[in-house]
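Asker: Predicted model follows, preceded by the sequence.
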Amino acid sequence: MDILLQQIINGMVLGSMYALVALGYTMVYGIIGLINFAHGEVLMIGALTSWSIIGLMKDAMPGIPGWLVLLLSLIIACVVAATLNFVIEKLAYRPLRNSPRLAPLITAIGMSIFLQAVAMVIWKPNYKSFPAMLPTTPFELGGAVISPTQVLILGLTAVSLAVLMWLVHYTKLGRAMRATAENPRVAALMGVKPDMVISATFLIGAVLAAIAGVMWAANYGVAHHTMGFLPGLKAFTAAVLGGIGNLGGAVVGGILLGLIETLGSGYIGDLTGGVLGSHYQDIFAFIVLIIVLTLRPSGLLGERVADRA
């Protein structure tokens, strides 16, 4: 029972990070119908920026508290990621907005590879140890343990989701997003500026990806130039699993995927008599995706166009 509870906690933490990245995918898809495959690399840039800032601050101000260093590095990482995503949208995606669907998709994959190469040049291709900025003493929770970093991940995810839901449903920008998702041309006639709305969507998605990237590096203690590819792919899987274009679906899909992965990796060895080990956990995400798309192509919650944002 203790092991099950521990796996559920680990799954919730992993799923929370998937959900943050999946929201970026689903928002962009909801508004312009683009699958932004470079989104995982924004996560990676956020994590590596944070790693650089932490290194600089520890050298410049040795006595500063760890939580403050992490907070400042997170804010700077969010600014860098948002600026990067804004530039990507303006230079790579905006000129292709009215072109066939395949052109922006190939551009997104190309942008992903390009960003990995840029990161490799700037930060070098070696793995970087991400310093522990928070206390490492875990909290006991009914026989299982949860670290302060994992508590922070769950808390930050909950706050980010609450702010995003409020933004989409109760603000002028949110109404503009929903109108643009419904019909960009009619929204433009009503005074909405689609270009501004799309740029804002990319900025919000980048901030969420940067938060996920810093939390990913803090949780696993490592950052490198290819770290964004697999989480990005799995977050896309989570978005499709929940229903791409649906904000609630992205969250449900992310958390469900995290739970499936951790529970699968924890018990697969016993169930298969040791044939498959926990290192096969990556296959669960894609097996679940195939099953869901076969049985329910629109995802678990489906796509609600009016709520797309």
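Answerer: Good, I have the coordinates.
Asker: Mind giving me the packing neighbours of the worst-scoring helix or strand of the chain on mean pLDDT?
Answerer: Lowest by mean pLDDT, DSSP states H and E among the helices and strands of the chain is helix 282-295, with a mean of 82. Contacts defined by 3 or more Cβ pairs under 8 Å, 6 or more residues apart in numbering; DSSP states H and E place helix 282-295 against helix 229-242, helix 247-271. Where you see a C-beta, it was placed from the backbone N, CA and C, and this is true even at glycine.
Asker: buried stuff in it?
Answerer: 284, 285, 288, 289, 292 (16 or more other Cβ atoms under 10 Å).
Asker: Pick out the shakiest of the helices and strands packed on helix 282-295, pLDDT-wise.
Answerer: If you rank the helices and strands packed on helix 282-295 by mean pLDDT, helix 247-271 sits at the bottom with a mean of 85.
Asker: Now do stretch 160-167: distance to the chain's middle.
Answerer: 15 Å (Cα atoms, centre = their mean, to the nearest Å).
Asker: What mean pLDDT does it get?
Answerer: So the average pLDDT for stretch 160-167 ends up being 91.
Asker: re earlier: just the buried residues of helix 282-295 now: which is nearest residue 51?
Answerer: Nearest to residue 51 among those: residue 285, at 26.0 Å, using Cβ to Cβ.
Asker: Return the most buried member of the helices and strands packed on helix 282-295.
Answerer: helix 229-242 (a mean of 25; mean count of other Cβ atoms under 10 Å).
Asker: other SSEs contacting that one?
Answerer: helix 2-32, helix 39-60, helix 102-123, helix 247-271, helix 282-295.
Asker: contacting residues around the closest residue to residue 145 other than its chain neighbours?
Answerer: With sequence-adjacent residues excluded and distances taken as Cβ to Cβ, 6 or more residues apart in numbering, residue 145 is closest to residue 138, at 3.9 Å. Applying Cβ atoms under 8 Å, 6 or more residues apart in numbering to residue 138 gives the contacts 145, 146, 147, 148.
Asker: Please produce CSV containing those residues, extended by distance to residue 251.
Answerer: As requested, the contacts of residue 138 are exported to CSV (distance: Cβ to Cβ, whole Å):
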residue, distance to residue 251
145, 25
146, 20
147, 22
148, 23
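Asker: re earlier: of all the buried residues of helix 282-295, which comes closest to residue 81?
Answerer: Nearest member of the buried residues of helix 282-295 to residue 81, counting by Cβ to Cβ, is residue 285, at 23.7 Å.
Asker: gap between the closest one and residue 169?
Answerer: Remark: distance between residue 285 and residue 169 (Cβ to Cβ, to the nearest Å) = 29 Å.
Asker: before we move on, back to that, just put the helices and strands packed on helix 282-295 in JSON lines and tack on distance to residue 13.
Answerer: Below are the helices and strands packed on helix 282-295 laid out as JSON lines (distance: least, Cβ to Cβ, whole Å):
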{"stretch": "helix 229-242", "distance to residue 13": "13"}
{"stretch": "helix 247-271", "distance to residue 13": "7"}
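Asker: of all these, which lies closest to residue 15?
Answerer: Closest among these, using Cβ to Cβ: helix 247-271, at 2.4 Å.
Asker: ok and the closest one relative to helix 282-295, angle-wise?
Answerer: Orientation check (axes from the mean of the first three to the mean of the last three Cα atoms, to 10 degrees): helix 247-271 against helix 282-295 gives 120 degrees.
Asker: which strands and helices sit next to helix 247-271?
Answerer: helix 2-32, helix 148-170, helix 229-242, helix 282-295.
Asker: Can you say which of those is nearest to residue 126?
Answerer: Among those, if distance is taken as Cβ to Cβ, the winner is helix 229-242, at 16.9 Å.
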